[in-house]
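J.: The amino acid sequence is not available; the structure is as follows:
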């Protein structure tokens, strides 16, 4: 409570008391012939004294009620103002707490906004995972129902429907396994088997394994390999192979057919090596880039689901990189293409 407010309260209370005194004084003046001037003098003194007493009492009362709180949270500030009076220290503490409360309020509002944002993402995540699981399950149910209703005896559809059911079951198993992998990476339960290997050679192996997909899309894949210099990194080779397979496969899959180009480049960064996978595809909208590594997040849901995949590939890629204590980034320009880049630790010959 400010000083002005305590004075205002004291004036109001004193005015009421003085009014009561005035009525009493007038009674004694007219009934018992007391001196009118003496009565008014006493009234003025009474009013002034009551204002001072009431104001002092209010300030003392407030101070006594909250001084224990300020003792704990403002001792260090009180020490800096030892030369000041008790009232000045008290007012300084009030001003300081006011600023702290304002700061806390701003932080709290920011926290609420962040929680609302996370809640929105949570709802989207639940909706996405429901869709990813529901689609193959309903498809399997449809095929099985048809077979049970007599289709099992129809040689024109029985094998085809069983094969399609198997395909959707495999998709469900893949989703569950990839979710399990992400959980293990997040919790640190998945142990990484570090070894030294040439990242250029590993990229060449991955490109060779995806040759059929590149031929199908008529996409050229270029590896900017330095034949004069090896690129030794220290990492889990199997996990990095999985990471590269996902990024290069996506670059081929979502690029332009018949004119697609994918380029893998390497850059020396002191203790790390930067690996970049670049395509000349349609690109990714700017607003989608911050969420590109989220589970089940798709920039074009209809097209991506038709193209297959679990929607977990990039989430796994991000967690693999982070499990190695490295960084991954993405940049994209609509109509020009997209580049994914990640770093790996160089092999330190003396250390490893």
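T.: Yep, that arrived. A quick note: this is a predicted structure, and the numbers were derived from the prediction, not measured. Numbers count the residues shown, from 1 in each chain.
J.: Sketch out the low-pLDDT regions of the stretch 201-350 of the chain for me.
T.: 226-228, 298-310, 349-350 (pLDDT under 70).
J.: All the strands of it, residue numbers only.
T.: 220-223, 232-236, 261-269, 272-279, 328-333, 337-345 (DSSP state E, counting those that start in this stretch).
J.: Just name whatever secondary elements the fourth one is in contact with.
T.: Contacts defined by 3 or more C-beta pairs under 8 Å, 6 or more residues apart in numbering; DSSP states H and E place strand 272-279 against helix 199-209, helix 237-253, strand 261-269, strand 337-345. Using the backbone N, CA and C atoms, a C-beta is placed for each residue, glycine as well.
J.: buried ones in the first one?
T.: Neighbour-count burial for helix 199-209 flags 199-200, 202-203, 206-207 (criterion: 16 or more other C-beta atoms under 10 Å).
J.: likewise the third one?
T.: Along strand 261-269, these residues count as buried under the neighbour rule (16+ other C-beta under 10 Å): 261-266.
J.: wait, which of these is closest to residue 241?
T.: Among these, residue 264 lies closest to residue 241 (C-beta to C-beta), at 13.5 Å.
J.: and the closest one, what does it touch?
T.: Contact analysis of residue 264 by C-beta atoms under 8 Å, 6 or more residues apart in numbering lists 203, 207, 221-224, 248, 275-278.
J.: Would you mind giving these as TSV with distance to residue 163 added?
T.: As requested, the contacts of residue 264 are arranged in TSV below (distance: C-beta to C-beta, whole Å):
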residue	distance to residue 163
203	34
207	30
221	31
222	36
223	36
224	41
248	28
275	38
276	39
277	33
278	37
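J.: Nearest to residue 340, out of the residues you listed: which one, please.
T.: Taking the contacts of residue 264 together and measuring to residue 340 by C-beta to C-beta, the closest member is residue 277, at 5.0 Å.
J.: and the closest one, what does it touch?
T.: If a contact means C-beta under 8 Å, 6+ apart, then residue 277 has 244, 247-248, 251, 262-264, 339-341 as its contacts.
J.: partner residues bridging it?
T.: residue 264, residue 340 (DSSP bridges).
J.: Residue 332: neighbouring residues, count only.
T.: Number of residues near residue 332 (other C-beta atoms under 10 Å) recorded here: 20.
J.: Is it in contact with residue 283, as I believe?
T.: Yes: the pair residue 332 / residue 283 is scored as a contact, 4.7 Å apart, by C-beta atoms under 8 Å.
J.: Common neighbours of those two, please.
T.: residue 338.
J.: Would you list the buried entries among the contacts of residue 264?
T.: Buried among the contacts of residue 264 by 16+ other C-beta under 10 Å: 203, 207, 221, 248, 275-278.
J.: could those residues be laid out in JSON lines, adding distance to residue 174?
T.: Below are the buried ones among the contacts of residue 264 laid out as JSON lines (distance: C-beta to C-beta, whole Å):
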{"residue": "203", "distance to residue 174": "24"}
{"residue": "207", "distance to residue 174": "23"}
{"residue": "221", "distance to residue 174": "24"}
{"residue": "248", "distance to residue 174": "19"}
{"residue": "275", "distance to residue 174": "25"}
{"residue": "276", "distance to residue 174": "27"}
{"residue": "277", "distance to residue 174": "22"}
{"residue": "278", "distance to residue 174": "27"}
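J.: Just give me the closest of these to residue 48.
T.: residue 276 (83.4 Å).
J.: Could you check how far the closest one is from residue 173?
T.: Counting by C-beta to C-beta, to the nearest Å, the gap from residue 276 to residue 173 is 32 Å.
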